[in-house]
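S.K.: got a sequence here, can you model it:
(2 chains)
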Amino acid sequence: GQSLEQPSEVTAVEGAIVQINCTYQTSGFYGLSWYQQHDGGAPTFLSYNALDGLEETGRFSSFLSRSDSYGYLLLQELQMKDSASYFCAVRDLVGFQKLVFGTGTRLLVSP
Amino acid sequence: GAGVSQSPSNKVTEKGKDVELRCDPISGHTALYWYRQRLGQGLEFLIYFQGNSAPDKSGLPSDRFSAERTGESVSTLTIQRTQQEDSAVYLCASSLSERRAEQYFGPGTRLTVT
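M.R.: Numbers count the residues shown, from 1 in each chain, chains lettered A, B, ... in the order given. Have a look, this model is predicted:
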């Protein structure tokens, strides 16, 4: 089975850089995804790491290290609108179509 | 184009009643997923459709839960004899194919069982 752990809450100020970690215990997976969810809103896709290393998409970057069972989402030049919950998720090897989500991290950005 | 839509947005029902939740995926998306999200928690996989077949029903919590899909279009999630522990937001997502990593989520249906 899959188990993904994230810090419950992270706080930062506008303009700063923040890293949200995702550590996992898994029997194997296809890739690590990150989703953003504003309060009351739908999760929206941010990035996907199929391979180890860094993927960059604008202000957001995501990293995966399978040998360390670890990944992170890096948010740069933080804006107030980045205040939201962030979830890591893996695509299961057995039943790769489904996503197994982490516990979620609530990011609070202050002025 | 239009995103994933779900209806109703909110549903309050009495314990023991049946409810139907509807999902309209993005046109052309062959894969459709249902998830459940309890307050303050992550998303829990329920069921996945490829076309109108459901290869993976492993997440359905009990036989009170069922789902169907018409072709590559609308899906309904039915919960029979609702219980208070069924209270949650039910989210639907679709993707171009089962092999695509990116899933597009609808706004969800908030179900409250009293």
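S.K.: every contact and neighbour count from this point should use C-alpha atoms.
M.R.: Noted.
S.K.: from chain A, how far off is B:Ser95?
M.R.: 10 Å (C-alpha to the nearest C-alpha, to the nearest Å).
S.K.: what about that residue, neighbour count?
M.R.: For B:Ser95, the neighbour count with other C-alpha atoms under 10 Å in any protein chain shown is 23.
S.K.: how about stretch B:90-99 as PDB, C-alpha atoms only?
M.R.: This file holds the C-alpha atoms of stretch B:90-99, laid out as PDB (Å, rounded to 0.1, in the frame of the first residue of the first chain):
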ATOM      1  CA  TYR B  90     -17.500  13.900  -3.200                       C
ATOM      2  CA  LEU B  91     -15.200  15.000  -6.000                       C
ATOM      3  CA  CYS B  92     -15.200  13.800  -9.600                       C
ATOM      4  CA  ALA B  93     -12.200  14.100 -11.900                       C
ATOM      5  CA  SER B  94     -11.600  13.300 -15.600                       C
ATOM      6  CA  SER B  95      -8.500  12.900 -17.700                       C
ATOM      7  CA  LEU B  96      -7.800  12.400 -21.400                       C
ATOM      8  CA  SER B  97      -6.900   8.800 -20.900                       C
ATOM      9  CA  GLU B  98      -6.100   6.500 -18.100                       C
ATOM     10  CA  ARG B  99      -2.400   7.000 -18.800                       C
END
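S.K.: what lines up beside the helix-or-strand element of chain B with minimal mean pLDDT in the sheet?
M.R.: Of all the helices and strands that make up chain B, strand B:53-56 has the lowest average by mean pLDDT, DSSP states H and E, namely a mean of 84. As defined by DSSP bridges, the strand partners of strand B:53-56 come to strand B:43-50 (antiparallel).
S.K.: and the partner strand, how far out from the chain middle?
M.R.: 7 Å (C-alpha atoms, centre = their mean, to the nearest Å).
S.K.: name the residues that touch that strand?
M.R.: With contact meaning C-alpha atoms under 8 Å, 6 or more residues apart in numbering or on different chains, strand B:43-50 is reached by A:97-102, B:30-37, B:54-61, B:67, B:69, B:72, B:97-98.
S.K.: ok, back up a step: who's in contact with the least confident helix or strand of chain B?
M.R.: The contact list for strand B:53-56, computed with C-alpha under 8 Å, 6+ apart, reads A:95, B:47-49, B:69.
S.K.: repeat the analysis, applying 10 Å as the threshold.
M.R.: In this structure, residues lying in contact with strand B:53-56 by C-alpha atoms under 10 Å, 6 or more residues apart in numbering or on different chains are A:94-98, B:31-33, B:45-50, B:67-72.
S.K.: that one: how far from the chain's middle?
M.R.: Distance of strand B:53-56 from its chain centroid, counting by C-alpha atoms, centre = their mean, is 14 Å.
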